[in-house]
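Enquirer: Here is a sequence together with a model predicted from it:
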Amino acid sequence: MIKMQTMIHLSIVLLLFSNILIYRVCHASSYSSLISSGVDYHRHSPINKQPLAKIAIHKTVIALNESASIRSSPLLLGSEDDDHIDWLNIDLEYPEPSIDDWVGIFSPAKFNASDCSSEAGEWPENPTLCTAPIKYKFANQSSADYVKTGKAKITFRIINQRSNFAFAFFTGGLETPKLVAVSNPMSFPNPKAPLYPRLAHGKEWDEMTVTWTSGYNIDEATPLLEWGLKGETKKLSPAGTLTFTRGSMCGPPARTVGWRDPGFIHTSFLKGMWPNTMYEYRMGHMLLNGSIIYSKIYTFKSSPYPGQDSLQRVIIFGDMGKAERDGSNEYANYQPGSLITTDQLISDLDNYDIVFHIGGLPYASGYLSQWDQFTEQVEPISSVKPYMIASGNHERDFPNSGSFYDTLDSGGECGVPAETMYYVPADNRAKFWYATDYGMFHFCIADSEHDWREGSEQYAWIEKCFASVDRQKQPWLIFATHRVLGYSSSSWLADEGAFEEPMGRANLQKLWQKYKVDIALYGHVNNYERTCPIYQNKCVNSEISRYSGTVNGTIHVVVGGGGSHLSSFTEINTFWSLYKDQDWGFVKLTAFNHSSLLFEYKKSSDGLVYDSFTISRDYKDVLACVHDGCEPTTLAT
């Protein structure tokens, strides 16, 4: 029996490590002091780098041991209740245990090295593995006596990622891994199934888009969406299909050990919807034989007519990241508050209408498997509420890729996964700025990773976005972007002698003032902070929680505590700062009517309100002349 198992393991490994190509990987630091155009950039060192970047998988030594075993069951994953998620118990035995033994999940199960790339150069020595695991755990994490007994039972949560899976057991730690055992392959009933829907606004108020991921290319199945009014006959709408390749990535690790096939990304446009109406939908793929593979049914409420007077509730946050519910290395390590925020929003789905996640999505940093993990994590939210995103440094930035900041933060992704995985109503999704309406709100979502300075293409767009809104119908004008272009008391900004990104408000404050922007929101700094209504470094209103009358300054809010490691505040007294909180949380805006807006900051831990203010005013207050915000007049009569 032992010999039979050994032969099975050896045959698997021969498949796993065939056709190995030589290439080089570079583990990028998350931040750099460089910025394009020669502008100095503050140093913001992360507490922990991407967990998968800690694994020197290319240095793996094959050291199969017939006395080592790793077993999992069942081989067919999923259940009747949820066919794309499963929890597995892994039984591990090894006669020479050590504290740094670990188990990784690989997909596809062959770990086939034949798709390795040599585009990034050559290794100093030939690699024996060229693909990082999806996630991993140390053997003693679940079994404290593992080092004594050589036996461990480890629990993993698996999601459908369009291929089969295998578990691999390594000794030697993360930096000098030795492969000693491999499990049998396992898979979901339909690895290609349509999954992880993401709702988003289209370019018109009566248009919603549904984006999802599958394993079906258009040559084997036609993507479609079945949708309609809840409880009535449904109609079918076609869907477009996109994907990207290793060659679309700008550098390592996205082009090397971080690469994983993203599958196919489909988007369908639902047009001509009635306002404030409940709809049902399900994603589908029509196979060549005419049969259709469907997802489960989801529901959503369409957007109100622009300017419509009704209760409208908006959630805004940045920098949530992703985490693992099974306690894998990522959780409580890389993005410690991610699930806390996610679960709070899931528990409160009935009390808001739309979400804006302003950059800092999965923090995949070039490890493409993490995008599936993230879209699955937020699926309970994004499948029923429009989930609008903004581009941040971890989505976009990479040297010589056209990003404004010449850093390595995206790990070679250079915006491609974010632009493909999520739809935004931008004219050009590679230039991630867009406007969208929700009833009485008009949102201008800028892209801080592209030049916003006066004279730039984006600056002209920002002014157009502000100027286009009819404040009589949409009184609440909101600006949002990832980096802090306004005000922040973050210690690492203060250490550089600034309280903003270089050139941020210096270029934009004239637009905020001229067009009377109510609130500007930012991520990137991982905490919460609210300023007074401010213009040219002066508080223009002495009130703290109740604002009324003319709009003579913009309130700036940092809301980057979605889940990433928290940022500390400087000890310098910033007079314009009214409330600070070094905790995970999010903002909720509630428009009751055209004259009343409620702003609330809630902690993710309990969902309670810790900071709030109200704005009460009439249309004449928006029209009122203020300093640097007056239309030209004439003496003519």
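Expert: Great, that's in hand.

Enquirer: Residue 512: what secondary structure?
Expert: Judged by DSSP: H, G, I helix; E, B strand; the rest coil, the three-state class of residue 512 is helix.

Enquirer: can you map out the helices along the protein?
Expert: 2-16, 139-142, 146-149, 338-347, 369-377, 379-382, 393-396, 416-421, 457-467, 491-494, 504-514, 619-623 (DSSP state H).

Enquirer: want to throw those helices into TSV with mean neighbour count, mean pLDDT and distance to residue 610?
Expert: C-betas here are computed from N, CA, C, even on glycine. Output for those, formatted as TSV (neighbours: other Cβ atoms under 10 Å; pLDDT from 0 to 100; distance: least, Cβ to Cβ, whole Å):
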stretch	mean neighbour count	mean pLDDT	distance to residue 610
helix 2-16	13	39	51
helix 139-142	20	87	34
helix 146-149	15	95	42
helix 338-347	20	98	13
helix 369-377	24	97	25
helix 379-382	20	98	22
helix 393-396	28	96	27
helix 416-421	23	98	30
helix 457-467	17	98	30
helix 491-494	18	88	21
helix 504-514	20	95	26
helix 619-623	14	93	28
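
Enquirer: Residue 276: which of these is closest?
Expert: For residue 276, the closest of the helices of the chain is helix 379-382, at 19.5 Å, according to Cβ to Cβ.

Enquirer: ok so, going back, JSON lines for the helices of the chain, including distance to residue 444?
Expert: Converted to JSON lines, the helices of the chain look like this (distance: least, Cβ to Cβ, whole Å):
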{"stretch": "helix 2-16", "distance to residue 444": "50"}
{"stretch": "helix 139-142", "distance to residue 444": "45"}
{"stretch": "helix 146-149", "distance to residue 444": "54"}
{"stretch": "helix 338-347", "distance to residue 444": "23"}
{"stretch": "helix 369-377", "distance to residue 444": "25"}
{"stretch": "helix 379-382", "distance to residue 444": "22"}
{"stretch": "helix 393-396", "distance to residue 444": "18"}
{"stretch": "helix 416-421", "distance to residue 444": "19"}
{"stretch": "helix 457-467", "distance to residue 444": "4"}
{"stretch": "helix 491-494", "distance to residue 444": "23"}
{"stretch": "helix 504-514", "distance to residue 444": "10"}
{"stretch": "helix 619-623", "distance to residue 444": "16"}
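
Enquirer: right, and those helices - which one's nearest residue 201?
Expert: For those, distance to residue 201 was read as Cβ to Cβ. The smallest value, 12.6 Å, belongs to helix 379-382.

Enquirer: List the contacts of that closest one.
Expert: Contacts to helix 379-382, defined as Cβ atoms under 8 Å, 6 or more residues apart in numbering, come from residues 195-199, 342, 345-346, 349, 355, 375, 387.

Enquirer: just these now: which is nearest residue 617?
Expert: Nearest to residue 617 among the contacts of helix 379-382, with distances taken as Cβ to Cβ, is residue 355, at 26.2 Å.

Enquirer: Any idea what the closest one is bridged to?
Expert: Listed by DSSP bridges, the beta-bridge partners for residue 355 are residue 315, residue 387.

Enquirer: what sits against it?
Expert: Contact analysis of residue 355 by Cβ under 8 Å, 6+ apart lists 314-316, 345, 381-382, 385-388.

Enquirer: per-residue confidence at residue 61?
Expert: For residue 61, the pLDDT comes out at 89.

Enquirer: Go ahead and confirm it touches residue 178.
Expert: Yes: here residue 61 lies in contact with residue 178, judged by Cβ atoms under 8 Å, at a distance of 4.7 Å.

Enquirer: what is in contact with those two at once?
Expert: In contact with both residue 61 and residue 178: residue 172, using Cβ under 8 Å, 6+ apart.

Enquirer: So these two - more neighbours on which side?
Expert: residue 178 (17 against 14; other Cβ atoms under 10 Å).

Enquirer: wait, the more buried one sits on residue 172?
Expert: Yes: between residue 178 and residue 172 there is a contact under Cβ under 8 Å: 4.3 Å.

Enquirer: list residues touching both of those two?
Expert: Counting by Cβ under 8 Å, 6+ apart, the residues touching both residue 178 and residue 172 are residue 61.

Enquirer: Near residue 134, how many residues? Count them for me, please.
Expert: 23.

Enquirer: Then residue 245?
Expert: Counted with other Cβ under 10 Å, residue 245 comes out at 11.

Enquirer: got the buried residues for stretch 542-551?
Expert: 547, 550-551 (16 or more other Cβ atoms under 10 Å).

Enquirer: again with stretch 323-338
Expert: 323-324, 326-331, 334-338.

Enquirer: any idea how far the most centrally placed residue in the chain is from residue 464?
Expert: The chain has residue 361 as the residue nearest its centroid, 1.8 Å off, counting by Cα atoms, centre = their mean. The spacing between residue 361 and residue 464, counted by Cβ to Cβ, to the nearest Å, is 27 Å.
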